[in-house]
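Q: Mind folding the following:
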Amino acid sequence: MKLRVLKTMAVVLAAVIFVMVGVGVGGVITAQASDGTAKTVVREGAEAPAAAEAETAATGANDILGKAIGAGIGVGIAAMGGALGMGMAVARCGEGIARQPEAAGKIQTIMMLGLVFIETVVIYALIIGILTIFVL
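A: Purely as a prediction, here's the structure:
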């Protein structure tokens, strides 16, 4: 039983790590786009102001795209980990109630508390994803 709980916690932790890696993916794409913009402005010479505006617009689009991809991957993996953890918790709760119907109230209370904690981690991943797209 403890091994299953550890596996669930490992999946949720991996989901949070993937969210953090997603933030890094957005930053890498942004750095490449800003580096490319600097080279384009230097090479164009006379058309530098027009080229700079076009490249700035493209850089902004790449920046948002990279952040959105990273956030989407991170939130998706967090949701998957949360769903697996919740499914395992509800299955074990059902087994526990089947074995000891007189303890159904206590088992359900503990299960609901665990589900709340799992859902909180998924909501944190969603908040990190939204902040990644719009703030960072």
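
Q: Which strands and helices lie in contact with the strand or helix carrying Ala125?
A: Here Ala125, judged by DSSP states H and E, is contained in helix 104-134. Packing contacts for helix 104-134, counted by 3 or more Cβ pairs under 8 Å, 6 or more residues apart in numbering; DSSP states H and E, involve helix 2-44, helix 48-99. Glycine gets a C-beta too; all of them are placed from N, C-alpha and C.

Q: Hey, what's the angle from the last one to helix 104-134? Just curious.
A: For the pair helix 48-99 and helix 104-134, the angle between their directions (axes from the mean of the first three to the mean of the last three Cα atoms, to 10 degrees) equals 170 degrees.

Q: per-residue confidence for Val5?
A: Val5 carries a pLDDT value of 63.

Q: related to what we said a few turns ago, tell me the mean pLDDT over the helix holding Ala125?
A: 93.

Q: For that helix, buried residues please.
A: Using 16 or more other Cβ atoms under 10 Å as the test for burial, helix 104-134 gives 107, 111, 114-115, 118, 121-122, 125-126, 128-129, 132-133.
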